[in-house]
Every structure is written in C-alpha cells, then in structure tokens.
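In: Mind looking at a prediction? Sequence and model below.
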Amino acid sequence: MKKTLLLALAALTFASCQQNKSSETEAATTVASDSSSNVGAVAGAGDAVIAFETANYNFGKITQGEKVSYSYKFTNTGKGPLIITNAEASCGCTVPEVPKEPIKPGEDGEIKVVFNSDGKIGLQDKVITVTSNAVPSVTALHLTGEIKERQ
C-alpha cells in the first residue's frame, strides 16, 4: 500500500514538472516570436531605419576586473527622425548610454557601452537590447569576449 502511494506521488510530481517545463517553453517561444515579429517589417515612407556598422563586438581576452568600453556606431538610413527610447543590457555589469536627441535621416549616432568584468570569468556574451521608433523597433547588440582569472 505504501509503495503504491509512493509511486502515485512520484508520478504526479513528474507529471507536474513536465507540465511546468512545457509552459516555460511556450512562454519562451511566445517572447521570441514577439521580439522577432518586426524582423521582416518593411519601413514606411516616414519611418526611421537604424543601421549599425556592426551588431557584434568581440573585445578579445582581458583580465578579470578590467573594464571594456565600446561605441556601437549607427546611421539613420530612413526618412524620419530616429528616437532611441531604451537600451537594456542582459547584466548589470554592462551599462549602455544612448543619444538623448533624435537622429535625423542620414545622420550618425552611437551607443556607448561599458562592461565591467569584475567577478566574471570565462566566455562572455552580453546582449544590449535597443528599443527605438525604427523598423525594426528592437535590435540586439552583442558584446563578447573571454575573461581570464587574475594571477
């Protein structure tokens, strides 16, 4: 009797774990599809378009505790003013700074990023998510590299 009860309890626990995993996968899929929904979007006549020189910057190998600074340069290749409303990093160790003023069509701008490697080790890939009025409205920038332990 105790074995049967124990097996039933184990089966219920396993089933609920599988159900939670399925819900998490569904949620992740929904978020991914929402964030990529603008990928194929076509700019209208008055839309801003943000074109980065590079969306991926590899800082190479550094020693733990060093800071890396980089500026992601971009051009507004659209027909309307570009307004960057937000830039968020995937970690508090990475701080982006965006232009406060609108970028006119044909003009250049930059998003400055500072990464503090203190407390980090090994391969790193920090994602900076840029939100703007451009088409597409969300762009992901990557800051990658390797951090070696202090000697």
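Out: The structure has been received and is ready for your questions.
In: Quickly list the domain ranges of this protein.
Out: Using automatic domain parsing, the domain ranges for the chain come out as 1-35, 50-148.
In: Most tightly packed of these?
Out: When these are scored by mean count of other C-beta atoms under 10 Å, the highest mean neighbour count falls to domain 50-148 (a mean of 16). C-beta coordinates here come from the backbone N, C-alpha and C atoms, glycine included.
In: And that one, end to end?
Out: End-to-end distance for domain 50-148: 34 Å, by C-alpha to C-alpha, to the nearest Å.
In: what does the average pLDDT come to for it?
Out: If you average the pLDDT over domain 50-148, you get 97.
In: State the distance from residue 63 to residue 110.
Out: Separation of residue 63 from residue 110 (C-beta to C-beta, to the nearest Å) stands at 26 Å.
In: Residue 146 too?
Out: Residue 146 is 25 Å from residue 110, by C-beta to C-beta.
In: what residues are up against the closest residue in space to residue 145 that isn't next to it in sequence?
Out: In space, and not counting its chain neighbours, residue 145 is closest to residue 59: 3.9 Å by C-beta to C-beta, 6 or more residues apart in numbering. Counting by C-beta atoms under 8 Å, 6 or more residues apart in numbering, residue 59 makes contact with 68, 70, 115, 143-145.
In: ok, which stretches of the chain are strands?
Out: For the chain, applying DSSP state E gives strands covering 50-52, 56-63, 67-76, 84-89, 94-97, 108-116, 122-132, 138-148.
In: Relative to the first one, what are the paired strands and their orientations?
Out: Sheet pairing for strand 50-52, assigned by DSSP bridges, gives strand 67-76 (antiparallel).
In: Need the CA coordinates for the partner strand. PDB is fine.
Out: Output in PDB follows, covering the C-alpha atoms of strand 67-76 (Å, rounded to 0.1, in the frame of the first residue of the first chain):
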ATOM      1  CA  LYS A  67      36.600  47.500 -18.000                       C
ATOM      2  CA  VAL A  68      35.800  47.400 -21.700                       C
ATOM      3  CA  SER A  69      34.400  50.500 -23.400                       C
ATOM      4  CA  TYR A  70      32.900  50.400 -26.900                       C
ATOM      5  CA  SER A  71      30.700  52.600 -29.100                       C
ATOM      6  CA  TYR A  72      28.200  50.900 -31.500                       C
ATOM      7  CA  LYS A  73      28.100  53.300 -34.400                       C
ATOM      8  CA  PHE A  74      24.900  53.600 -36.500                       C
ATOM      9  CA  THR A  75      23.200  55.600 -39.200                       C
ATOM     10  CA  ASN A  76      19.600  56.600 -39.600                       C
END
